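below: sequence and its predicted model.
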Amino acid sequence: GAGVSQSPRYKVAKRGQDVALRCDPISGHVSLFWYQQALGQGPEFLTYFQNEAQLDKSGLPSDRFFAERPEGSVSTLKIQRTQQEDSAVYLCASSPHRGLTGELFFGEGSRLTVL
Amino acid sequence: SQQGEEDPQALSIQEGENATMNCSYKTSINNLQWYRQNSGRGLVHLILIRSNEREKHSGRLRVTLDTSKKSSSLLITASRAADTASYFCATENSGGSNYKLTFGKGTLLTVNP
């Protein structure tokens, strides 16, 4: 595709529900990143994939958060038993380079509201 | 945790004026990037400056980096209403994770027509 695509754009969940957020990176991009952006804040790193390998998950806030990229393209961020503090915009970014060489291409984000 | 701190938090100017935003950070870096975010949208990369560079230009953008002061500035010249957005600095820290950009809280720029 032309850019990074994320779905759904908006998700409302009741506390305790599980949610799954999808990211379609730019075709051929090796690197894929997930970030969490709370209202009025800058993005905070969650996890990094190089192809299908999850090389860094140090930013995942708890074991309720899980990410995968099984075939090295599409990625899913899953949040189990959602809590109100999980409310945020979840941003996906991709890059044709390994690691942090160069710019990241961001999607428009998935806005999660937990009631 | 967020490393970069942008200053000011909000800036309001008239079209045609220049806008300067500053970013300070705490640890040694490999490079520093600036991103722009329109309300409700994703981030768009503006410019990257490496730790061994002091100044870089791209169109109406000028970025400086002072590693001794751990600070960077972004200058937008001849601003336009379409420049209204939030601007974030992001650092790739040396010695830490090779995969993590650390963002500041951003400067909200409003350019009035």
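Nice, thanks for sending it over. Bear in mind that the values here come from a model prediction, so they are computed numbers and not experimental data.

all strands of the chain, in order?
Using chain A. A:5-7, A:10-13, A:19-24, A:31-37, A:44-50, A:53-56, A:65-68, A:75-79, A:88-95, A:105-106, A:110-114 (DSSP state E).

my question was about chain B
So, for chain B - with DSSP E - the strands run B:5-7, B:10-14, B:19-24, B:29-37, B:43-50, B:55-58, B:61-66, B:71-76, B:85-93, B:101-103, B:107-112.

and those as CSV, adding mean neighbour count?
Where C-beta positions appear, they are placed from N, C-alpha and C, glycine not excepted. CSV is the format used below for these (neighbours: other CB atoms under 10 Å in any protein chain shown):
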stretch, mean neighbour count
strand B:5-7, 19
strand B:10-14, 13
strand B:19-24, 20
strand B:29-37, 23
strand B:43-50, 19
strand B:55-58, 12
strand B:61-66, 17
strand B:71-76, 20
strand B:85-93, 24
strand B:101-103, 25
strand B:107-112, 18
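
kindly reformat those as CSV containing mean pLDDT and distance to residue A:2.
Putting the strands of chain B into CSV (pLDDT from 0 to 100; distance: least, CB to CB, whole Å) gives the following:
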stretch, mean pLDDT, distance to residue A:2
strand B:5-7, 80, 30
strand B:10-14, 96, 32
strand B:19-24, 95, 29
strand B:29-37, 95, 19
strand B:43-50, 96, 14
strand B:55-58, 96, 22
strand B:61-66, 98, 24
strand B:71-76, 97, 26
strand B:85-93, 94, 21
strand B:101-103, 92, 23
strand B:107-112, 96, 27
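
need those strands in TSV (columns: distance to chain A).
As requested, the strands of chain B are exported to TSV (distance: least, CB to the nearest CB, whole Å):
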stretch	distance to chain A
strand B:5-7	8
strand B:10-14	11
strand B:19-24	11
strand B:29-37	7
strand B:43-50	4
strand B:55-58	12
strand B:61-66	13
strand B:71-76	14
strand B:85-93	5
strand B:101-103	3
strand B:107-112	9
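
now those in a markdown table, with distance to residue A:6?
Below are the strands of chain B laid out as a markdown table (distance: least, CB to CB, whole Å):
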| stretch | distance to residue A:6 |
| --- | --- |
| strand B:5-7 | 25 |
| strand B:10-14 | 27 |
| strand B:19-24 | 27 |
| strand B:29-37 | 14 |
| strand B:43-50 | 13 |
| strand B:55-58 | 27 |
| strand B:61-66 | 27 |
| strand B:71-76 | 27 |
| strand B:85-93 | 18 |
| strand B:101-103 | 18 |
| strand B:107-112 | 23 |
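
could you list the low-pLDDT ranges of chain A?
Residue ranges of chain A with pLDDT under 70: A:1.

for it, what lies in contact range of chain B?
A:4, A:31, A:33, A:35, A:40-45, A:48, A:55-56, A:58-59, A:91, A:93, A:99-100, A:102-109 (CB under 8 Å from any CB of the partner chain).

one more pass at 7 Å, please.
A:41-43, A:45, A:48, A:55-56, A:58, A:91, A:99-100, A:102-104, A:106-109 (CB under 7 Å from any CB of the partner chain).

on the strand side of things, show who the residue sitting nearest the centre point of chain A bridges to.
Taking CA atoms, centre = their mean, the centroid of chain A lies closest to residue A:34, which sits 3.3 Å from it. Per DSSP bridges, the residues bridged to residue A:34 are residue A:47, residue A:92.
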